[in-house]
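> Sequence plus the predicted model coming up.
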Amino acid sequence: MPARLLAALALALVAVPAAPAWAAEGLEGAKLGVQWALPFAGILLSIALGPLLFPHVWHHHYGKIAAGWALLAAVPLVLFQGAGPASAAILHTLLTEYLPFILMLFALFTAAGGIVVAGNIHGSPGMNTTLLALGSALASVIGTTGASMILIRPLLRANDNRRHNVHVFVFFIMLVSNIGGSLTPLGDPPLFLGFLRGVDFFWTGKTLWPETLFAVAVLLALFFAVDAWTYSRDAAFRALRDPTPDKPIRLRGLVNVPLIAIAIGAILVSGVWRPGIELSVIGVHLPLQNLVRDAVMVAVGCLSVAVTRKELRKANDFQWEPILEVAKLFAGIFVCIIPVIAMLQAGREGVFAPLVGLVTRPDGSPSPAAYFWMTGLLSSFLDNAPTYLVFFELAGGDPAHLMGPYAATLAAISLGAVFMGANTYIGNAPNFMVYAIARAGGVRMPSFFGYMLWSGGLLLPLFALLTWLFL
C-alpha cells in the first residue's frame, strides 16, 4: 500500500542531517551539460518501452529500474554540485511537489475506485455518446483515471453484444482518459503540477474551456457518426445473444462521493487560504495550508478504505498496483528531472538554448503554437506530467507571468500535455489501463501502432484545426 512508500520516504528524510541553509542555495544550471539530462531521458524511455519490449521484467522490477535512474541523477549532483545544494533540491522537490502530487492521486484513486456503476444498459449510439460525454465532464472533477475506472466496465457491458465495438473504447481513451480532464488541476496530473507551481485552480477552466469544448464536441460528433454506422451493421449479430441483458442502473459506494468532495474542497482551500504560517522540515519550508491539504488527502484515502465494502472494490476489480506503480515511477521521475529543471532555468545561458529557439518567434516572444506541438508530441511518447514541467520551466516558470502576459503560452503547454496524451497508449496513465480492461473483456483492441493509426487519423487533423483557430 502507499503507506509503505510514505514510511520509507519518512525514514529517508529523517536520515538526512538538517541544514537550513540548503534552501537558500541553488544548482548552477548554466554549468550543467547535456549528459545531466540522460537519467531523465532514460527513465522516460524505460516507462515508454519497458511494458512493450520486456513486459515480464518490467512488471516485476519497475521500482528498481526507477530507483536506479534516480541514483544516476542524484549521486553525480551530490558529487559535483555539493551535498548542500543537491540535497536541498532533492528534498524540496520531494516534499513540495512529489508528495502532494502522489497524495492527491491516492485520495481520488481510492475514493473513485469505491464507486460502482451496477446494472446494464443498451449500447446504442445515443447512449454510448451520452456516456462518453458524461465521462468527459467527470474527468475534470475526479480525474481521468477515476472517470475511466468508473465508466469503463459499464461501457463494456453495454456493448458486449456488438461485433464492431473497438471504436467505442478508442474514443473513450481519447475523451474520458485524456481530453476531458483539461478543465481543472484535478483532471490530469500535468495540471495539478501546475497548480503546485502556483497556477490558480480556476485558471485552467476559465482559459481552456473554448478549446476543450470544441475538441470534445468534434470528437463526440465523429463518434456518433461512426457508432451509428457500425450499429446498423451489427443488427443481425445483436439479435443472436446478449451476454449481459439490460438491467436498471444503480450507483453503489456513494459514501465515497462526499469524500471526493472533501478532497476537492481541501485543494481549493489550499489555493486561497494563506495563514502565513510555515513549518521547516529539514530546511524545507512547508506552508500550513499545504500540510493541511496533504493531511486531508491521506484522511480521505484511508476513510474510503475503511467505509467502502470489499465486495464493491472487488466488483470494480480494484487493485493497489496502479497507484503503487505511479508512486514508485514518479519518485524516480521527480529526482531525475531536477538537473533538467536547473538547466531550463538557465535559459539561453544553458545547454537547452537551442530548444528555447525552437519555441521562440523572431521577435523573442514565445510561440504558443510551437509550445503546443512540442509539448504535445513529447507527451505522446513520454509521460505528460514531467513533459509539462519541462516546458513550463522553458517558458520561464513564473506562474504569475504565465497566467498574465504569457497566458497563451501556458494554455498551449497545458493543452499539448493533456490533449496529446491521447496520441498513444503510453501518453497518459489511464490509456493502458483502459486498453488492458477492454482486452480482458473480449474487445479486440488495436495494437500500439494500430491505435496510432486511429489517433493519427482522428486527432492530428483536430489538433491542426485547433492550432489554426485558437493558437
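Done, it's in.
> For the rest of this, base every contact and every neighbour count on C-alpha atoms.
Noted.
> Which residue is the nearest non-sequential neighbour of V307?
Spatial nearest neighbour of V307, excluding adjacent residues (Cα to Cα, 6 or more residues apart in numbering): V255 at 7.5 Å.
> What is the burial count for the one you found?
V255 has 15 neighbouring residues, counting by other Cα atoms under 10 Å.
> Next: G276.
Using other Cα under 10 Å, the number of residues around G276 comes to 8.
> That one belongs to a helix?
No. The assignment for G276 (DSSP: H, G, I helix; E, B strand; the rest coil) gives coil, which keeps it out of a helix.
> looking at it, the residue nearest to V307 is touching R309, isn't it?
No. Using Cα atoms under 8 Å as the test, V255 is too far from R309 to be in contact (10.1 Å).
> Okay, R274 and V356: tell me how far apart.
Separation of R274 from V356 (Cα to Cα, to the nearest Å): 35 Å.
> The two: which is more packed in?
Ranked by neighbour count (other Cα under 10 Å), R274 and V356 place V356 first, with 19 against 12.
> Just give me the residue right at the centre of the protein.
Nearest to the geometric centre of the chain sits P189, at 3.3 Å (Cα atoms, centre = their mean).
> Setting aside sequence neighbours, what's the nearest residue to that residue?
Excluding its sequence neighbours, the residue lying closest to P189 (Cα to Cα, 6+ apart) is A385, at 5.7 Å.
> Identify each buried residue in the strand or helix carrying that neighbour, please.
Assigned by DSSP states H and E, A385 belongs to helix 384-394. By neighbour count with 16 or more other Cα atoms under 10 Å, helix 384-394 contains the buried residues N384, A385, P386, T387, Y388, L389, V390, F391, F392, E393, L394.
> ok, the third one to A137 distance?
It stands for P386. 24 Å.
> Make a markdown table out of the buried residues of helix 384-394 and add pLDDT.
Shown next, in a markdown table, are the buried residues of helix 384-394 (pLDDT from 0 to 100):
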| residue | pLDDT |
| --- | --- |
| N384 | 80 |
| A385 | 79 |
| P386 | 77 |
| T387 | 80 |
| Y388 | 89 |
| L389 | 82 |
| V390 | 81 |
| F391 | 87 |
| F392 | 90 |
| E393 | 83 |
| L394 | 84 |
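> of all those, which comes closest to G198?
G198 has its nearest neighbour among those in F392, at 11.4 Å by Cα to Cα.
> Quick check: the gap between the closest one and P366.
Note on F392: its distance to P366, by Cα to Cα, is 12 Å.
> next one: A407
Separation of A407 from P366 (Cα to Cα) stands at 11 Å.
> more crowded one of those two?
Neighbour comparison, A407 and P366: the larger count goes to P366, with 20 against 17 (by other Cα under 10 Å).
> who's in contact with the more buried one?
Shown in contact with P366 (Cα atoms under 8 Å, 6 or more residues apart in numbering): V359, T360, A395, Y406, T409.
> now the helices for the stretch 51-200 of the chain?
55-81, 83-93, 99-112, 125-158, 166-175, 189-196 (DSSP state H, counting those that start in this stretch).
> how about TSV for these, with distance to E349 and mean pLDDT added?
Formatted as TSV, the helices of the stretch 51-200 of the chain follow (distance: least, Cα to Cα, whole Å; pLDDT from 0 to 100):
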stretch	distance to E349	mean pLDDT
helix 55-81	18	90
helix 83-93	20	84
helix 99-112	30	86
helix 125-158	38	89
helix 166-175	38	94
helix 189-196	24	86
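> What pLDDT is listed against L382?
Predicted confidence (pLDDT) for L382: 66.
> Excluding chain neighbours, what is closest to L471?
If the residues on either side of it in the chain are set aside, L471 comes closest to A369, at 5.5 Å by Cα to Cα, 6+ apart.
> Is that neighbour located within a strand, as I assumed?
No. Applying three-state DSSP, one finds A369 to be helix, outside a strand.
> can you count the residues close to it?
A369 has 21 neighbours, counted by other Cα under 10 Å.
> Over to V34?
Neighbours of V34 under the rule other Cα under 10 Å: 13.
> got it, and F352?
By other Cα under 10 Å, neighbour count at F352 equals 19.
> Report the contact partners of it.
Residues in contact with F352 (Cα under 8 Å, 6+ apart) are M343, L344.
> quick one: the strand or helix carrying V296 to helix 189-196, angle?
Using DSSP H and E, V296 sits within helix 288-307. On the basis of axes from the mean of the first three to the mean of the last three Cα atoms, to 10 degrees, helix 288-307 is oriented at 140 degrees to helix 189-196.
> follow-up on the earlier one: so the residue nearest to P189 sits right up against G187, yeah?
No. Counting by Cα under 8 Å, A385 sits too far from G187 to count as a contact (11.9 Å).
> what's the overlap in contacts for the two?
Common neighbours of A385 and G187 (Cα under 8 Å, 6+ apart) do not exist.
> So which bits of the helix or strand containing L312 are buried?
Here L312 is covered by helix 310-315, with elements defined by DSSP H and E. Across helix 310-315, burial judged by 16+ other Cα under 10 Å covers L312, R313.
> returning to what we had before: so the residue nearest to L471 versus M420, what's the distance?
Applying Cα to Cα, the value for A369 to M420 is 13 Å.
> try F192
Distance of F192 to M420, given as Cα to Cα: 17 Å.
> So for these two, which sits in the more crowded spot?
M420 (28 against 23).
> which residues does N384 contact?
By Cα under 8 Å, 6+ apart, the contact set of N384 is P189, P190, L378, A417, V418, G421, G427, N428.
> Adding distance to R348 as columns, could you present the helices of the stretch 51-200 of the chain in CSV?
Below are those laid out as CSV (distance: least, Cα to Cα, whole Å):
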stretch, distance to R348
helix 55-81, 21
helix 83-93, 22
helix 99-112, 30
helix 125-158, 36
helix 166-175, 36
helix 189-196, 23
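> what's the closest of those to P248?
Nearest of the helices of the stretch 51-200 of the chain to P248, taken as Cα to Cα: helix 125-158 at 11.7 Å.
> Does anything pack onto the closest one? Which helices or strands?
Packing partners of helix 125-158 (3 or more Cα pairs under 8 Å, 6 or more residues apart in numbering; DSSP states H and E): helix 99-112, strand 116-120, helix 166-175, helix 203-233, helix 429-440.
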